[in-house]
Structures are given as structure tokens and as C-alpha cells.
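Trainee: Sequence first, then the predicted structure, then my questions.
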Amino acid sequence: MAHIALKASEDAASIPGAGSAFASSYGRAALGYLAALAMTAIATALAVGVDQVGPIPNLSLLFVLPVVIAGVSFGFGPSLAAAVLGALAFNFFLTEPRLSLAVDDPSNIWAIGLLLLIGVIVSAVAFTSQRRGADAALLRSQASRLRDYSREVMAADSAEAIAASTSKALAALFGAPAAVLLVAGGEVVFTSKVGGVDLGAPDLEAVRTLAAGGTGSRAGVYPELASRFDFWPAGQGASQQAVIGLAFEPDERPEAPERLIDVVAVLLALALQRQRAEDQR
């Protein structure tokens with residue numbers, strides 16, 4: 001059968017949350033470290049100002065606040081940075097001799113060490129709390145998107161519309177370029193793609209292998225070493241079926257994407273079966 005390529009590309013920026021997910025995480029990491037530095041500087045200025053008024057016990061606790069805020073807002077790295085910066089600032093500005101990292105009083109060594117230890121513990125606790133909250137929010141968001149997708153895909157009036165709806169849903173669920181390829185007779189007859197990664201010859205070869213009875217393939221893994229997409233089949237038999245593709249960044253691939261992929265694949269296969277039945281009437 002002659003290869004028929006009908007490509008329907010969607011703009012990833014039009015999907016809520018997908019554009020930011022495609023962007024690099026380095027910007028947020030840099031913002032976190034800058035925020036830790038700024039908050040520690042504010043805490044230092046406040047501590048120095050209070051110290052000039054008179055001796056205040058437990059003044060070092062002011063440096064714990066940036067650690068907590070950084071841990072909840074930006075994660076473990078910035079929180080740990082705030083803990084280290086806070087200990088250094090407390091030593092430099094508030095222990096004798098001032099404006100020096102040297103420590104005359106052994107009790108101050110314990111105070112600095114205790115401040116750093118508290119900072120590390122608080123960093124870990126704050127990060128764990130923030131991570132659990134983020135995981136719960138992600139699960140709620142994925143459940144909502146799956147619910148919306150199931151309604152949209154079952155209301156679609158053509159196989160092409162089903163594929164387009166599925167590719168958008170996949171991109172939103174995983175924050176990665178996604179593609180849904182409709183296959184008939186071992187050949188790709190329609191492609192809906194979201195994101196800036198194009199399907200190359202190795203990707204199309206992997207799709208043909210799946211259409212011939214494969215169970216899945218992973219990008220960069222033998223035999224398709226040059227493939228950029230991970231692929232999963234949706235549907236069985238010689239009639240028109242579909243292949244799902246996702247182009248994860250190597251260091252950002254989810255631990256078990258199949259948990260969501262399997263749900264999407266079942267909904268996609270059911271929608272295509274319904275559409276074929278309607279087309280045959």
C-alpha cells in the first residue's frame with residue numbers, strides 16, 4: 001500500500017500547562033537559588049539590625065525561615081543552599097570576631113553547627129512535604145484531564161478527530177511532545193502531532209513494527225537506536241489501529257508512563273472501534 005501521510009500538527013502552546021512543561025526546568029531551579037540568596041540576605045539584614053538594638057537570644061532562628069520557605073516553594077536544593085548561606089552569614093556577621101569566618105568562642109561553633117543541622121533537617125522535611133503536595137496535585141490534574149479526554153474522544157466524529165484529541169491529551173498529561181498515528185495495512189495513514197519534535201524514518205519504522213504485532217518500543221533502544229519517540233500500540237487486528245508516541249527528554253522520562261498510557265490506549269481503541277462501526281453503517 002502506498003504510504004499516505006496526512007499530518008495534523010497542533011500548537012503545543014495552546015494546551016494548558018503543556019508549554020511550561022516543554023520548557024527547561026533550569027529556569028525554575030535558578031530562580032529557586034536566587035530566591036534563597038535573597039531571603040538569606042534579608043534575614044541577615046534583619047538579624048544584624050536586631051542585634052544592634054541589644055542582645056537577643058536565639059537570633060540564629062531567623063535564618064531558619066528562608067530554609068523553610070525555599071523548601072516549600074522550590075525544593076531541596078535551594079532550601080539546602082539557604083541553610084548553608086544562613087550558617088555562613090550568622091558566622092560572618094553575628095559571631096566574634098565580626099566580619100570574619102573565624103570563631104573565637106567554642107560555643108559559637110556549636111551554635112553554627114546546630115544552625116546548619118537544623119537547616120538540613122528542615123530542608124528535608126519541607127522538601128518532602130512539598131513533594132507530596134505536588135504529587136497529589138499532579139494526580140488530581142491527571143484524573144481531571146483523563147475525564148475530559150474520555151468525554152471529548154467519545155464525542156469525536158471521525159478517526160482523525162479522535163487522533164487529534166488523543167495527541168493533545170497525551171501532551172497535556174505528560175508535558176512532552178506527543179503523536180498519535182493511525183495505521184491501516186501496516187502503513188501510517190494519518191498522523192496527529194503536538195510539540196516540536198518531528199517523526200523521523202526510525203520512528204516510522206518502529207511504528208510499522210508495532211503495527212505488525214509489536215508490543216512497544218523505547219526511544220534510543222535496540223533495534224531503533226535513532227528513534228526519538230517511545231511507542232505503544234492501541235488496538236489489535238488487521239483493521240485500522242493506532243500507535244501512541246511520546247518524545248520524553250532522556251532525563252525527564254516518567255518512571256512508569258504505562259500506567260496512564262494503558263488507560264489512554266484503551267479509550268483510544270474503543271473510540272476508533274465505535275467510529276469504524278458508525279462508518280460501516
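Mentor: That came through fine. Please read all numbers here as calculations on a predicted model, not as lab measurements.

Trainee: could you point out where this protein is predicted with low confidence?
Mentor: Applying pLDDT under 70 to the chain flags residues 1-25, 214-215, 220-224, 236-240.

Trainee: Can you show me the helices along the stretch 101-250 of the chain?
Mentor: 106-155, 159-174, 201-211 (DSSP state H, counting those that start in this stretch).

Trainee: Which of these has the highest mean neighbour count?
Mentor: Highest mean neighbour count of these: helix 159-174, a mean of 24 (counted as mean count of other CB atoms under 10 Å). Every C-beta, even on glycine, is put in place using the N, C-alpha and C of the backbone.

Trainee: before we move on, which element is residue 263 in?
Mentor: If you go by DSSP states H and E, residue 263 is part of helix 258-279.

Trainee: in that helix, what counts as buried?
Mentor: Under the neighbour-count criterion of 16 or more other CB atoms under 10 Å, helix 258-279 has 260, 261, 264, 265, 267, 268, 269, 270, 271, 272, 275 buried.

Trainee: Packing partners of it?
Mentor: helix 106-155, helix 159-174, strand 230-234, strand 241-246 (3 or more CB pairs under 8 Å, 6 or more residues apart in numbering; DSSP states H and E).

Trainee: Give me the angle between that helix and helix 159-174.
Mentor: 170 degrees (axes from the mean of the first three to the mean of the last three CA atoms, to 10 degrees).

Trainee: Can you tell me what sits against helix 258-279?
Mentor: Under the criterion CB atoms under 8 Å, 6 or more residues apart in numbering, residues 142, 146, 149-150, 153-154, 156-159, 162, 166, 169-170, 173-174, 180, 182, 232-236, 239-242, 244, 246 lie in contact with helix 258-279.

Trainee: Out of the helices and strands packed on helix 258-279, which is closest to residue 218?
Mentor: strand 230-234 (5.1 Å; CB to CB).

Trainee: Dump that closest one to CSV, restricted to CA.
Mentor: Provided in CSV are the C-alpha atoms of strand 230-234 (Å, rounded to 0.1, in the frame of the first residue of the first chain):
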residue,chain,number,x,y,z
ASP,A,230,8.6,5.9,22.7
PHE,A,231,5.7,4.0,21.1
TRP,A,232,2.8,1.9,22.4
PRO,A,233,0.1,0.1,20.2
ALA,A,234,-3.6,0.8,20.7
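
Trainee: what packs against that strand?
Mentor: Going by 3+ CB pairs under 8 Å, 6+ apart, strand 230-234 lies up against helix 201-211, strand 241-246, helix 258-279.

Trainee: How far off centre is that strand?
Mentor: 20 Å (CA atoms, centre = their mean, to the nearest Å).

Trainee: ok, residues contacting it?
Mentor: 203, 206-207, 210-211, 214-219, 241-248, 253, 257-258, 261, 264-266, 268-269, 272.

Trainee: how far off helix 201-211 does it point, in degrees?
Mentor: Interaxial angle, strand 230-234 versus helix 201-211 (the same axes, to 10 degrees): 30 degrees.

Trainee: Around residue 44, how many other residues sit close by?
Mentor: 21 (other CB atoms under 10 Å).

Trainee: mind listing what it touches?
Mentor: 63, 89, 90, 93.

Trainee: Type out the PyMOL command that picks the buried ones from these.
Mentor: Entered in PyMOL, the line below selects the buried ones among the contacts of residue 44, by 16+ other CB under 10 Å:
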select buried, resi 63+89+90
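
Trainee: from the contacts of residue 44, which is closest to residue 119?
Mentor: Distances from residue 119 to these, taken by CB to CB, are shortest for residue 63, at 7.3 Å.

Trainee: contacting residues around the closest one?
Mentor: Applying CB under 8 Å, 6+ apart to residue 63 gives the contacts 40, 43, 44, 47, 82, 83, 86, 87, 89, 90, 115, 119.

Trainee: wait, which of the helices and strands packed on helix 258-279 is closest to residue 281?
Mentor: Across the helices and strands packed on helix 258-279, residue 281 has its closest neighbour in helix 159-174 (14.9 Å, CB to CB).
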